[in-house]
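J.: Structure for the following, please:
(one chain, ligands or ions: 1)
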Amino acid sequence: MPQIVIEAEPGPLVFDTARAALVLIDMQRDFLEPGGFGEALGNDVSRLAAAVAPCAAALAAARAAGMRVIHTREGHRPDLSDCPPAKLARGQPSARIGDPGPMGRILVRGEPGHDLVAALAPAPGEVVIDKPGKGAFHATDLGAILSAAGIDTLLVGGVTTEVCVHTTIREANDRGFRCVALADACASYFEEFHRVGLAMIKAQGGIFGWVSDVAAFRAALRSAPIDQGEPA
Ligand code: C5J
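T.: Okay, the predicted model is just below:
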């Protein structure tokens, strides 16, 4: 199979686009726009906007290369039966999960705030994983979908770097996937958490993944396949 190489830290990674997926985590209005869950937790939501254009560029490149794309959304059933009480108790008392907000009930599936931002709307055929937790594997069929498609490498963007992106990469790493965080396609409400979150992934020789960026991802997709047997 044709293999390409992405420049990353702690070192370059060879992957096959047919066995790789771009995973965009929780680029939802509830996290990025005023009035949603992110703001209810006291965050400055404008900080996440920086990741939208890089995610859109990664998305366009992946689609053009025929790479599989997966979107995730954090949210709960309307009856909140899948929301643990410990999670329900977070946030301002009048603006918790399930409470009415400017974009509908906060972090509830089917509400406008639960939607992905318009710039990153899924194309027909792209998988959308609705997840009740921070990690995209917890209580979802993501593992089964990736396994059925023979995927072994995930290129990951989304929000927030240190919460749902991190949790998903940790879950994926433990399941045997090679994960590359695309730094500029990820964002946090806290600049320091973003920076340190990325540093944690690639520390100690890539303890649970690699870190790269969207320019390197696009360059890899444009590059010629490497010879079979060439060292990684
Ligand atoms: C958070 C997420 N931060 N998608 N969710 O609650 O990272």
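J.: in stretch 65-74, what counts as buried?
T.: Within stretch 65-74, the residues that count as buried by 16 or more other CB atoms under 10 Å are 65, 67-74. To be clear about C-beta, it is placed using only N, CA and C from the backbone, and glycine gets the same treatment.
J.: Could you export those residues as CSV, including pLDDT and distance to the ligand?
T.: Below are those laid out as CSV (pLDDT from 0 to 100; distance: CB to the nearest ligand atom, whole Å):
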residue, pLDDT, distance to the ligand
65, 96, 26
67, 97, 23
68, 98, 21
69, 98, 18
70, 98, 15
71, 99, 12
72, 99, 8
73, 98, 9
74, 98, 5
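J.: so can I have a markdown table of those showing secondary structure?
T.: Below are the buried residues of stretch 65-74 laid out as a markdown table (DSSP: H, G, I helix; E, B strand; the rest coil):
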| residue | secondary structure |
| --- | --- |
| 65 | coil |
| 67 | coil |
| 68 | strand |
| 69 | strand |
| 70 | strand |
| 71 | strand |
| 72 | strand |
| 73 | strand |
| 74 | strand |
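J.: Adding distance to residue 130, write these out as CSV.
T.: Listed next are the buried residues of stretch 65-74 as CSV, based on distance: CB to CB, whole Å:
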residue, distance to residue 130
65, 26
67, 22
68, 18
69, 16
70, 12
71, 10
72, 8
73, 5
74, 8
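J.: Looking at the residues you listed, spot the one nearest residue 37.
T.: residue 74 (8.0 Å; CB to CB).
J.: CA atoms of the lowest-mean-pLDDT helix or strand in the chain as PDB?
T.: Ranked by mean pLDDT, DSSP states H and E, the weakest helix or strand in the chain is helix 37-40, scoring a mean of 90. Output of helix 37-40 as PDB, limited to C-alpha atoms (Å, rounded to 0.1, in the frame of the first residue of the first chain):
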ATOM      1  CA  PHE A  37     -21.600  24.700  27.800                       C
ATOM      2  CA  GLY A  38     -18.100  26.100  27.400                       C
ATOM      3  CA  GLU A  39     -19.200  29.500  28.500                       C
ATOM      4  CA  ALA A  40     -21.500  28.100  31.200                       C
END
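J.: Now do that helix: which elements does it pack against?
T.: If you count contacts as 3 or more CB pairs under 8 Å, 6 or more residues apart in numbering; DSSP states H and E, helix 37-40 packs onto helix 29-32.
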